[in-house]
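Participant: quick one: sequence and predicted model below, then my questions.
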Amino acid sequence: MADVVFGLCALTSLVCAFLLWRGYRRSRARLLFWSSLCFTGLFLNNVMLIVDLRVFPDVDLAVWRTLPAIIGVALFLYGMATDKSI
Amino acid sequence: MTESLRPTELRDLVARYVPSMLHLDLLLLLRRDEMRSWTADAAARALQTETRACGAALDDIGMMQLALREDSGGEPTYRFQPANPDLAAIVTSLVTVYERHPVTLIRAVYESSSGARRFADAFRLRNKEDSHG
Amino acid sequence: MSPLVAFAYGVLAMGYVAVALSLIRLWRATRDRLFAYFIFAFALLAAERVAAVLTLRVLEDVTWLYLIRLSAFVLIVAAIVDKNRRA
């Protein structure tokens, strides 16, 4: 059950990352570039959680799987801080 | 369309036809002399801006059917020529708003092209044009 | 839970809070309901991190914990549905 939930979370993040990337390609709005990377980080975070649960049950990947999310969030905050158009 | 535009109408028109201030400046430039054809380079010099940005914006304006694009071998040139009377009226309305209330129009352009607006619009699954039916 | 993991979870929690707060700016600029959904979603993601640390859960496969995470993403899906339903 947990796998399904994390899979849905991963899928949703991926959809967001894709929509924002598509929006960036169309509009060249920088904020969408950084936002897309943010959701990619959330996607990786959820995928690695599934991997941590299933593939490596004896190894703890806690810090490793938290890193993509932290980086993604930091990139979004950077995008917000430097955006000239908001 | 001689009556003034309501805010929602203005926002819709700006969202569809004026993606940036450069597009507005180019529309005004082209409209000033409807007989004259402009290359991207000439327009860029007139507006004191980059040629590449002008080229892309003129391309957009052509695709919106507000200007006629002519590719006679060399560089493409653009001439103000709305494809139908409705589009001509739309441009006239926008220009009228710009002449009477420039700040209103400029603010509408910046708001519709803001990162926030683009972020929210990115989550529309279909194209903006599709939803207007 | 090692201090490093707790620290990492705390950093991420604060990151989510910062995202939610900066999304308020986007909401105020556009008044678009989409941002309201996202703000609450990120607030829930932050809450999930805090809950994980406070209950010393390194692996988040505990039902009540991952349901918080799920609600956050359900809100995001709701935002997308809402945006496309309004035609």
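Facilitator: Structure received.
Participant: backbone dihedrals for residue C:31, please?
Facilitator: phi 60, psi 30 (degrees, to the nearest 10).
Participant: cool, residue B:49 as well?
Facilitator: With angles defined as degrees, to the nearest 10, residue B:49 sits at phi -140, psi -180.
Participant: again, but for residue B:66
Facilitator: Dihedral angles for residue B:66 - degrees, to the nearest 10 - are phi -100, psi -20.
Participant: can you name the next helix or strand after the lengthiest helix in chain C?
Facilitator: In terms of residue count, the longest helix belonging to chain C (DSSP state H) is helix C:3-30. The element immediately downstream of helix C:3-30 (helix or strand, assigned by DSSP states H and E) is helix C:33-54.
Participant: how big is the angle separating that next one from helix C:3-30?
Facilitator: 160 degrees (axes from the mean of the first three to the mean of the last three CA atoms, to 10 degrees).
Participant: average model confidence for helix C:33-54?
Facilitator: Helix C:33-54 comes out with an average pLDDT of 97.
Participant: for it, packing partners?
Facilitator: In terms of contacts (3 or more CB pairs under 8 Å, 6 or more residues apart in numbering or on different chains; DSSP states H and E), helix C:33-54 is packed against helix B:115-122, helix C:3-30, helix C:63-85. From N, CA and C alone the C-beta is placed, and that goes for glycine too.
Participant: export those to TSV and append columns for distance to chain A, mean pLDDT and mean neighbour count.
Facilitator: Rendered in TSV, the data for those read as follows (distance: least, CB to the nearest CB, whole Å; pLDDT from 0 to 100; neighbours: other CB atoms under 10 Å in any protein chain shown):
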stretch	distance to chain A	mean pLDDT	mean neighbour count
helix B:115-122	3	95	24
helix C:3-30	4	96	18
helix C:63-85	4	95	17
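Participant: as CSV, those helices with distance to residue A:10 would be great.
Facilitator: Formatted as CSV, the helices and strands packed on helix C:33-54 follow (distance: least, CB to CB, whole Å):
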stretch, distance to residue A:10
helix B:115-122, 19
helix C:3-30, 16
helix C:63-85, 9
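Participant: closest one to residue A:50 among the ones you listed?
Facilitator: helix C:63-85 (11.3 Å; CB to CB).
Participant: just the CA trace of the closest one, in PDB.
Facilitator: Extracted in PDB, the C-alpha atoms of helix C:63-85 (Å, rounded to 0.1, in the frame of the first residue of the first chain):
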ATOM      1  CA  THR C  63       0.000   4.600   7.300                       C
ATOM      2  CA  TRP C  64      -0.900   7.800   9.000                       C
ATOM      3  CA  LEU C  65       2.400   9.400   8.000                       C
ATOM      4  CA  TYR C  66       2.200   8.600   4.300                       C
ATOM      5  CA  LEU C  67      -1.400   9.600   4.200                       C
ATOM      6  CA  ILE C  68      -0.300  13.100   5.100                       C
ATOM      7  CA  ARG C  69       2.000  13.000   2.100                       C
ATOM      8  CA  LEU C  70      -0.800  11.600  -0.100                       C
ATOM      9  CA  SER C  71      -3.100  14.400   0.900                       C
ATOM     10  CA  ALA C  72      -0.500  16.900  -0.200                       C
ATOM     11  CA  PHE C  73      -0.300  15.400  -3.600                       C
ATOM     12  CA  VAL C  74      -4.100  14.900  -3.800                       C
ATOM     13  CA  LEU C  75      -4.400  18.700  -3.300                       C
ATOM     14  CA  ILE C  76      -2.000  19.200  -6.200                       C
ATOM     15  CA  VAL C  77      -4.100  16.900  -8.400                       C
ATOM     16  CA  ALA C  78      -7.200  18.800  -7.300                       C
ATOM     17  CA  ALA C  79      -5.500  22.000  -8.300                       C
ATOM     18  CA  ILE C  80      -4.800  20.700 -11.800                       C
ATOM     19  CA  VAL C  81      -8.400  19.300 -12.200                       C
ATOM     20  CA  ASP C  82      -9.800  22.600 -10.900                       C
ATOM     21  CA  LYS C  83      -7.700  24.600 -13.400                       C
ATOM     22  CA  ASN C  84      -9.000  22.500 -16.300                       C
ATOM     23  CA  ARG C  85     -12.600  22.300 -15.200                       C
END
